[in-house]
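Chemist: need a structure here:
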Amino acid sequence: MQGSRRRRHATPTGDRHWRGSARFAAGCAVTFFGMTLLVDWDAHTLTPTRTLLWLAMTAVLLTILLPQRVTAGPGWLAVRGLVRHQVVRTDALVAVRQHGDVSAYLTLRDTDGRRLDLDPRILLTNPLLWHELDTGVRRSRAGGTLLEGTDVLERLRHQIDDATARAVLRASGIY
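Modeler: Residues are numbered from 1 along each chain as shown. Prediction:
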């Protein structure tokens, strides 16, 4: 009882690389803005209207480059972008699908009809996020709700296990 109460109020796990990626996106956008202003200023064509145009284009660039923020906790997974926020219950999943081969993404759907799209590379590089998802998937299987996508999750589990083993071997100097 005490452990489950503590678990329910645990801090969510997040993508440990998100801040670095967000800083990189912001750096690219600021560099773009500075370079465009510098080129316009050097050409003597910089006006307030053009500055606003470059600022708008910088905002679009930042929107495109800014990665989604993925967080997970006991029984849930969330993806937050600039425009939308998606949350699914991982302990009540109905289906998991993988779309695409080269730039693949996962679609998770729960019993409430909610859906979430996720880049599987985030799970590969964040073992704690994968652990939260895997724990929820095991509960979905035990509850009998997960009807589609167990093969996709098994392939992903093998990829994550292989990557983890390579990282351990590399850290120990064997690989």
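
Chemist: roughly how far apart are Thr164 and Gly20?
Modeler: Distance from Thr164 to Gly20, counting by Cβ to Cβ, to the nearest Å: 21 Å. Any C-beta I mention is one placed from the backbone N, CA and C, and that applies to glycine too.

Chemist: ok, Leu153 next?
Modeler: Distance from Leu153 to Gly20, by Cβ to Cβ: 27 Å.

Chemist: look at these two and report which has more neighbours.
Modeler: Set side by side, Leu153 and Gly20 show more neighbours around Leu153, with 21 against 11, by other Cβ atoms under 10 Å.

Chemist: show me where this structure has strands.
Modeler: Remark: strands assigned in the chain by DSSP state E are 13-14, 69-73, 76-80, 85-89, 93-99, 105-110, 115-118.

Chemist: what are the buried residues along stretch 60-80?
Modeler: 61-62, 65-79 (16 or more other Cβ atoms under 10 Å).

Chemist: in the protein, which helix is the longest?
Modeler: Identified as the longest helix of the chain according to DSSP state H is helix 18-42.
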